[in-house]
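Trainee: The sequence and its predicted three-dimensional model are supplied below.
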Amino acid sequence: MRVGSDEIITSRDAALADLGDGLWGCIAAPSYDLSDITTPTLRLGDDRADYDRVDGILFLSTKVWGPDRQAVLTENLLSNPRPVVIANADIAAPAITDSRLSRGTTATCWPTGV
């Protein structure tokens, strides 16, 4: 049985397929290529003002994510609710050399109302 590349849909493909209009704040490692995202994006980091500028959040990676950024995002979403799209919402990502919490974990940490 042959499976073509057009028959494989990744979580990233699925997440990008339904992004609405507006500026999307991307949570991703600095090394992640965002050029396949056709809507305007802004990579989110430590600048709190950037979180206020975006119309939605696209969560692609927890590689450089931590409790401080999670607190900023949570506080921001509580004061200004917007869509959050989490690609590959696993709870943990086991790897050969280490394991880390994944994007799904961050969603389970939000208080009611986010």
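Mentor: Everything's here; your move. Residues are numbered from 1 along each chain as shown.

Trainee: use CA for all of it now, contacts and neighbours both
Mentor: OK.

Trainee: Let me see the ranges of the helices in the protein.
Mentor: Ranges of helices within the chain are 11-17, 48-53, 67-79, 103-108, based on DSSP state H.

Trainee: what about residue 7, neighbour count?
Mentor: For residue 7, the count of nearby residues is 8 (other CA atoms under 10 Å).

Trainee: What are the neighbouring residues in contact with it?
Mentor: Under the criterion of CA atoms under 8 Å, 6 or more residues apart in numbering, the contact list for residue 7 is empty.

Trainee: quick one: pLDDT of it?
Mentor: At residue 7, the model reports a pLDDT of 70.

Trainee: Over to residue 4?
Mentor: For residue 4, pLDDT reads 72.

Trainee: count of neighbours near it?
Mentor: 7.

Trainee: Can you tell me which of the helices of the chain is packed in deepest?
Mentor: Among the helices of the chain, the stretch with the highest mean neighbour count (mean count of other CA atoms under 10 Å) is helix 103-108, at a mean of 17.

Trainee: average pLDDT across that one?
Mentor: 52.

Trainee: what's the answer for stretch 44-53, then?
Mentor: Stretch 44-53 comes out at a mean pLDDT of 96.

Trainee: Straight-line length of it, end to end?
Mentor: Start and end residues of stretch 44-53 are separated by 10 Å (CA to CA, to the nearest Å).

Trainee: contact partners of it?
Mentor: 23, 25-28, 42, 69, 72-73, 76.

Trainee: can you redo the helices of the chain as TSV with distance to residue 36?
Mentor: Output for those, formatted as TSV (distance: least, CA to CA, whole Å):
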stretch	distance to residue 36
helix 11-17	9
helix 48-53	21
helix 67-79	24
helix 103-108	20
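
Trainee: Which among the ones you listed is found nearest to residue 87?
Mentor: helix 11-17 (5.3 Å; CA to CA).

Trainee: residue contacts, the residue nearest to residue 27 when sequence neighbours are not counted?
Mentor: Excluding its sequence neighbours, the residue lying closest to residue 27 (CA to CA, 6 or more residues apart in numbering) is residue 59, at 4.8 Å. Under the criterion of CA under 8 Å, 6+ apart, the contact list for residue 59 reads 26-28, 84-87, 103.
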